[in-house]
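Colleague: sharing a model prediction with you, sequence too.
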Amino acid sequence: MLNNINLMGRLVRDPELRHTQTGTPVTTYTLAVNRDFNTNGNNEADFFSIVAWQKAAEFANSYLRKGQLIAVQGRLQSRKWTDKDGNNRVSIEVVAERQYFAESKSKGDSAASQSSEAGPYSEGTGGFSGFTELEGSDDDLPF
C-alpha cells in the first residue's frame, strides 16, 4: 500500500508550534498550492493543512515563514473528531515527512543565511541535509 503526497506551494501564514501533553513538538501550517489548470483565466489554488512532528516541527517553526515557496513530501491522514455541538467531523491533513525550500530569500535577509546553513529537514535521514541557496527575490509574492 502506498500513501505518498508531494506538494509545492506558499505558506499562508507562519507555522504554529505547540506541544502535546507529553511534550512532543507539533507544528501546523497551511500551504496554498496553485492548480495546473485555471478556469476563466483565473488562477486557482487548493489549501492544504500540514502537520509536522518532533524535529520536523522544530525545523518548520524555526525556518519557514509566511509567503515562502516550499516543497513538502509526506502522507495523507484522516482524523475523526466530534465538534462542540456533538457533530462527527473528519479532517484530512498532510503529515510532513520532508520539507524543502523551493526558492531563496534575498541576500540581505539574515534568516536566509541561517536557512542555507541548516538546509531542509528530512525525517527519514534523522537530520538536516545540505542546501544550496539560489539567487532570487521575493518582491513578486502575492502575500
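Modeller: Okay, I see it.
Colleague: partners of Met8 in the sheet?
Modeller: Ala71 (DSSP bridges).
Colleague: what's the pLDDT at it?
Modeller: Met8 carries a pLDDT value of 96.
Colleague: how about the helices in the chain?
Modeller: Counting by DSSP state H, the chain has these helices, from start to end: 54-63, 110-118.
Colleague: least confident of those, on average?
Modeller: With a mean of 39, helix 110-118 has the lowest mean pLDDT of these.
Colleague: nearest residue to Leu76 in space, please, no chain neighbours.
Modeller: Ile5 (5.5 Å; Cβ to Cβ, 6 or more residues apart in numbering). The C-beta positions use only the backbone N, C-alpha and C, and glycine is treated the same way.
Colleague: give me the number of residues near the one you found?
Modeller: 15 (other Cβ atoms under 10 Å).
Colleague: one more: Arg65?
Modeller: With other Cβ under 10 Å as criterion, Arg65 counts 17.
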